[in-house]
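Q: Build me a structure from this.
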Amino acid sequence: MTWLAFPATVLPESTQQAFGAPSLFLLVLFGALVPVIPTGALVSSAAVVAFHQTSPFSLALVFVTASLAAFLGDAALYWLGRRGMRSKNGSRWLEAIRARAPEDRLEQAQSKLAGHGIAVLVLSRLVPAGRIPVMLACLLAKWPMRRFARGNLPACVAWAVTYQVIGILGGSLFPEPWEGVVAAVALTVVISAAPGVWRRVRAAR
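A: Purely as a prediction, here's the structure:
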């Protein structure tokens, strides 16, 4: 992605934004559909580079691009999951969602969703590996697309803000953008891995 591949002194800011925004949008959109891309790290890295640019709109562009791509990606995945629920044979998208939602996490998501509704959906994007189990719980509860979208919009906004703040912190600590990118990526990896490590420690005890 251009925002990540070139420091601000190599390409004009307008050129970086022209190439970087579409790249960020496509990667976050694809990452929402196929949850193997570290989209949080991408947003944080883009925010680091935007922080070091002189344009006051750079950070706003990262925020709008990331939140819109995440929202559309989630909406597309939920729509594909609903199609699979209505089909006798299901669908590969529905199976992919099920495969990424362990039974214990799904039961927790269903219990919380029944008790707290949309608030759980909003928080699910802020919890590492929490998005897919809650999305599957919404599918099994037969939430209509409109209700899911109403809860998912603030979820995506909160997610974009959170990872952008991580990027801004990384950018403010180091004079060079690449140093901030490394710090932001490392922090997002730690945040993403921490819940899984904690569960393993508890299971071992």
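
Q: what's the neighbour count on the closest residue in space to Leu139 that isn't next to it in sequence?
A: Nearest residue to Leu139 in three dimensions, chain neighbours excluded: Gly81, at 4.9 Å (CB to CB, 6 or more residues apart in numbering). C-beta coordinates here come from the backbone N, C-alpha and C atoms, glycine included. By the criterion of other CB atoms under 10 Å, Gly81 has 25 neighbours.

Q: quick one: contacts for Gly81?
A: Gly81 is in contact with 91, 93-94, 97, 135-136, 139, counting by CB atoms under 8 Å, 6 or more residues apart in numbering.

Q: Closest one of the residues you listed to Ser44?
A: Closest approach between the contacts of Gly81 and Ser44, by CB to CB: Met135, at 22.7 Å.

Q: Run a quick neighbour tally on that closest one.
A: Met135: 24 neighbours (other CB under 10 Å).

Q: need the contact list for it.
A: Counted by CB under 8 Å, 6+ apart, Met135 has contacts 74, 77-78, 81, 97, 124, 148.

Q: and it, which of the three is it?
A: What DSSP: H, G, I helix; E, B strand; the rest coil gives for Met135 is helix.

Q: Do you know the pLDDT at it?
A: In this model, Met135 is scored at 92, pLDDT.

Q: Over to Pro144: give its phi and psi.
A: phi -70, psi 160 (degrees, to the nearest 10).

Q: Okay then, goodbye and thanks.
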